[in-house]
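>>> For reference, the sequence and a predicted model appear below.
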Amino acid sequence: MTDSMFVGPMSIFRNHRSAGLLGSAACNDLQAFRTAYFGRKQTDSKVSHRTASHETGRMFKVENIASKESSSSSVSSAVKTKMTMTEKILAKASGHASVRPGENIWVNTDVLMTHDVCGPGTIGIFKKEFGADAKVFDKEKIILIPDHYIFTKDERANRNVDILRDFAAEQNIKYFYDIKDRSDFKANPDYKGVCHVALAQEGHCRPGEVLFGTDSHTCNAGAFGEFATGIGNTDAAFVMGTGKLLIKVPATMKFILDGEMPPYLLAKDLILHIIGDISVAGATYRSMEFSGEAIDRMSMEERMTLCNMVIEAGGKNGVIAADATTLDYVTARTDKPFECFQSDDDASYYSVHRYDVSKLVPVVAKPHSPDNKAVVPDVKGTHVDRVYIGSCTGGKFEDFYSAAQILKGQQVKVPTYIVPATQRVWMDLYTKTIDGKTLAEIFQEAGCIDPAAPSCAACLGGPKDTFGRMNTPEVCVSTTNRNFPGRMGERTGQI
């Protein structure tokens, strides 16, 4: 790969153990890399450093955009095209020097994910169009994650997992996170839980890549500085057979979140504010790029919450530039090489939106739309029948930690369902503590229902015996992502 593939003068860094990084900084470990790259300005943006760690074999590149002063006439005209982060990732994936919004391009796929709801349909189309004996394009780039309708006696739901299992064996798929014993999820070491959180925890989310998934909340992975978006079964079947997909380059909306987050706010409040402002159609087929001081200070889980819900505004993808926080998370989970991109300072955006998060207040989305925003005081006194804490949006460890801080020493007044997203989150509930008590103990003492087996559970309704499903017309306060009629089961329920 050459410098000309990227926008603007740049430096390419491979491996966090490179000597001579930034000219004078010797980067012998990840902390040194973080300080050298993210803690000081690049001084010679035209120099390209390429190194490899013989000890770990871990490799990555980080693109650094030069200042305007260093953009000299020696740079080719192709390199002068200014692009957003999403455009750069898609340019790389399509083999083009540059791309522009509205262009239709073929992109190469780094990861294709499907689960028990859409996987069988995708597999059926794949076999119909490519042949009963066809082989997938890359058995190590396809990830099968049963997670939606798992802990149920419904035969059709159980059959879906069987179809995934048979296909994984037939194709020798490396990453199939199977579950065979539904009576005890802990007896299934390969089973993970909710796909979007599991993808991150298992090291499948990497900066600079293209990740497609047969789930609308695949955009969750954009938190890692990659292009991630949901696709339908037909597109997924095509990717399964070819490793490619024809897509239109989205325009980018930029959201700058500055200021210091008050302790009573979480990323969910921020994204509900944004969706409430622009509406559920406000970002239709556009990239939503997040940056600013508040983003810089966010954990990876909070960044995932932001990107997870861009689809609720119609967004094609959400994206946050990789930084030291990203690299800490990713390099602890994978040795695969990856490449980081940043938007050019003078890239062209569809629109730019600025928020001072220090001035925002907690909000909710009232029934029956994610953009039906209301500040919490406005819904005071609303009758509530139940509370549900879980999903890819609100079932991560930090979500439960925040809930436990509130519930410690309190008693719940309504049935409160605790549904950890993954096995790792479930284990954290029983090992991580606040003032000497585990989160599970805090929830149990507060009167919550014992933590359930990790899965999507009632977020998408599911069979009647799904844990937490709304089978009667109740009012539910939920940390999930959608509050459409029937989303969690009963059509006349309110979320």
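That came through, no problem. Residues are numbered from 1 along each chain as shown.
>>> rest of the way, CA atoms for contacts and neighbours
OK.
>>> what about the stretch 51-200 of the chain, any weak spots by pLDDT?
For the stretch 51-200 of the chain, the stretches flagged by pLDDT under 70 are 51-60, 62-80.
>>> Now do the strands for it: every range, in order, please.
Secondary structure of the stretch 51-200 of the chain (DSSP state E, counting those that start in this stretch): strands located at 60-62, 104-108, 111-115, 142-145, 175-176.
>>> chain center to the third one: distance?
Averaging C-alpha positions (C-alpha atoms, centre = their mean, to the nearest Å) puts strand 111-115 13 Å from its chain's average.
>>> Turn the strands of the stretch 51-200 of the chain into CSV, columns for distance to Gly203 and mean neighbour count.
Shown next, in CSV, are the strands of the stretch 51-200 of the chain (distance: least, C-alpha to C-alpha, whole Å; neighbours: other C-alpha atoms under 10 Å):
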stretch, distance to Gly203, mean neighbour count
strand 60-62, 14, 21
strand 104-108, 19, 18
strand 111-115, 11, 25
strand 142-145, 12, 25
strand 175-176, 11, 20
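>>> Name the stretch from the ones you listed that approaches Glu398 most closely.
Among the strands of the stretch 51-200 of the chain, strand 142-145 comes nearest to Glu398, with 22.5 Å by C-alpha to C-alpha.
>>> Note down every partner strand of that closest one and its orientation.
Its sheet considered, strand 142-145 pairs with strand 111-115 (parallel), strand 175-176 (parallel) by DSSP bridges.
>>> what pLDDT does the residue nearest the centre of the chain get?
Nearest to the mean C-alpha position of the chain, by C-alpha atoms, centre = their mean, lies Asn220 at 2.0 Å. In this model, Asn220 is scored at 98, pLDDT.
>>> I'd like to know which of the strands of the stretch 51-200 of the chain is closest to Thr252.
strand 104-108 (15.5 Å).
>>> Parallel or antiparallel, list what pairs with that closest one.
Sheet partners by DSSP bridges: for strand 104-108, these are strand 244-248 (antiparallel).
>>> Quick check: the closest residue to Gly394 other than its chain neighbours vs Ile275, distance?
Distances taken as C-alpha to C-alpha, 6 or more residues apart in numbering put Thr479 closest to Gly394, at 4.9 Å, once the chain neighbours are dropped. In this view, Thr479 and Ile275 are 15 Å apart by C-alpha to C-alpha, to the nearest Å.
>>> got it, and Ala267?
Distance from Ala267 to Ile275, by C-alpha to C-alpha: 12 Å.
>>> And the two? Which one has more around it.
Using other C-alpha atoms under 10 Å, the more surrounded residue of Ala267 and Ile275 is Ile275, with 25 against 22.
>>> Can you list the neighbours in contact with the one helix or strand that one maps to?
According to DSSP states H and E, Ile275 maps onto helix 267-278. Identification of contacts with helix 267-278 by C-alpha atoms under 8 Å, 6 or more residues apart in numbering yields 282, 302-303, 305-306, 309-310, 312-313, 357, 360-365, 370-373.
>>> one more time with 6 Å
With C-alpha atoms under 6 Å, 6 or more residues apart in numbering as the contact definition, helix 267-278 has outside contacts at Glu302, Leu306, Ala313, Pro362, Val363, Asp371, Lys373.
>>> For the third one, give me phi and psi.
To tie it back to what came earlier, the one meant is Ala313. phi -100, psi 10 (degrees, to the nearest 10).
>>> if we can go back for a sec, tell me which residues of the helix holding Ile275 are tucked away?
By neighbour count on 16 or more other C-alpha atoms under 10 Å, the buried set for helix 267-278 is Ala267, Lys268, Asp269, Leu270, Ile271, Leu272, His273, Ile274, Ile275, Gly276.
>>> Using PDB, write out the CA atom coordinates for it.
Extracted C-alpha coordinates of helix 267-278, given in PDB (Å, rounded to 0.1, in the frame of the first residue of the first chain):
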ATOM      1  CA  ALA A 267     -23.900   8.500  25.900                       C
ATOM      2  CA  LYS A 268     -27.500   7.300  25.600                       C
ATOM      3  CA  ASP A 269     -28.700  10.700  26.700                       C
ATOM      4  CA  LEU A 270     -26.500  12.300  24.000                       C
ATOM      5  CA  ILE A 271     -27.700  10.200  21.100                       C
ATOM      6  CA  LEU A 272     -31.300  10.600  22.200                       C
ATOM      7  CA  HIS A 273     -30.800  14.400  22.200                       C
ATOM      8  CA  ILE A 274     -29.300  14.200  18.700                       C
ATOM      9  CA  ILE A 275     -32.100  12.000  17.300                       C
ATOM     10  CA  GLY A 276     -34.700  14.200  18.900                       C
ATOM     11  CA  ASP A 277     -33.200  17.200  17.300                       C
ATOM     12  CA  ILE A 278     -32.700  15.800  13.700                       C
END
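>>> any idea how far Glu474 is from the residue nearest to Pro473 when sequence neighbours are not counted?
Nearest non-adjacent residue to Pro473, counting by C-alpha to C-alpha, 6+ apart: Gly493, 4.2 Å away. Distance, Gly493 to Glu474, using C-alpha to C-alpha: 5 Å.
>>> list residues touching both of these two?
By C-alpha under 6 Å, 6+ apart, no residue touches both Gly493 and Glu474.
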